[in-house]
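Visitor: starting from these lines, generate the structure:
(one chain, ligands or ions: 1)
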Amino acid sequence: MRLILMGPPGAGKGTQAKYVAEKFDIPAISTGDIFRANVSQGTPLGVEAKRYMDAGEYVPDEVTNHMVRNRIDEPDAKSGFLLDGYPRTLAQVEELDGMIAFTGHRLDAVVVLSCDPDELVARLLQRAQTDGRADDTEDVIRRRQEVYLEQTAPLIEVYRERGLLIEVDGMGEVGEVTARVLDALAGVTQS
Ligand code: AMP
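Guide: The predicted model follows:
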């Protein structure tokens, strides 16, 4: 399975990605997690990414695309993967198309978690208290929501036109949402 999990910041992508990936026995690849790991290790990539992350902006496409290309080239991603937080721009969509076409496979589905905007901000502020993520301050949260609407929300239509989109209600208990996602994916045939 080659899957994408999309949704606005706070929709629960990371949590759901882990459960869904486990179910299909594929790696959950989170660009946000890879960036954060680089930030905490102080790598050159981390130093560059941090400037953008702290401001709630997207890391430039060339940097992000290069990182994803390397990651999906790794052996554990040969038979499939679930992308969490990538692609986020139209340029990343094109780049991913190229990466997948090169392997002779295709994308199987794009799951979008939909959520009530007020609930999202509340969840992120809650996460700020429990996880202490540097980009979970109220100003940065608002900026991340704006950037999502401007740059990432348009991708939903792109994938809808390709017939790949599966919209799932992201509200409610974690387990309920996972069940909805798995249910929706049950009808997807993999390439
Ligand atoms: P996330 O954990 O997915 O919310 O990502 C945290 C931050 O990492 C984002 O606010 C961006 O600064 C950066 N980031 C993650 N994925 C991408 C991406 N696909 N393109 C650009 N920046 C990204």
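Visitor: now Leu113: phi and psi?
Guide: Per-residue torsions, Leu113: phi -90, psi 120 (degrees, to the nearest 10).
Visitor: if I read this right, it contacts Gly12, doesn't it?
Guide: Yes. Using CB atoms under 8 Å, Leu113 is in contact with Gly12, at 6.1 Å. To be clear about C-beta, it is placed using only N, CA and C from the backbone, and glycine gets the same treatment.
Visitor: mutual contacts of those two, please.
Guide: Counting by CB atoms under 8 Å, 6 or more residues apart in numbering, the residues touching both Leu113 and Gly12 are Gly170, Val177.
Visitor: quick one: the top helix by length along the chain near the ligand?
Guide: Ordering each helix of the chain by length in residues (DSSP state H) puts helix 117-131 first. No. For helix 117-131, no contact with the ligand is found by CB under 6 Å from any ligand atom; the gap never falls below 9.5 Å.
Visitor: list the residues that contact Val168.
Guide: Val111, Val112, Leu113, Ser114, Val177, Arg180, Val181, Ala184.
Visitor: which residues does the third one contact?
Guide: This means Leu113. Counting by CB under 8 Å, 6+ apart, Leu113 touches Leu5, Met6, Gly7, Ala11, Gly12, Lys13, Gln16, Val168, Asp169, Gly170, Val177, Val181.
Visitor: how many residues are close by Asn65?
Guide: 21 (other CB atoms under 10 Å).
Visitor: ditto for Thr89
Guide: Neighbour tally, Thr89, other CB under 10 Å: 20.
Visitor: roughly how far apart are the spatially most central residue of the chain and the ligand?
Guide: When CA atoms, centre = their mean is applied to the chain, the residue found nearest the centroid is Gly85 (1.8 Å). Gly85 sits 3 Å away from the ligand, going by CB to the nearest ligand atom, to the nearest Å.
Visitor: same check, this time on Ala49
Guide: 7 Å.
Visitor: my read: that residue touches Asn38, true?
Guide: Yes. When contacts are counted by CB under 8 Å, Ala49 is listed as touching Asn38 (6.3 Å).
Visitor: picking that back up, and which of the contacts of Leu113 is nearest Gln151?
Guide: Gln151 lies nearest to Met6 out of these, by CB to CB, at 12.0 Å.
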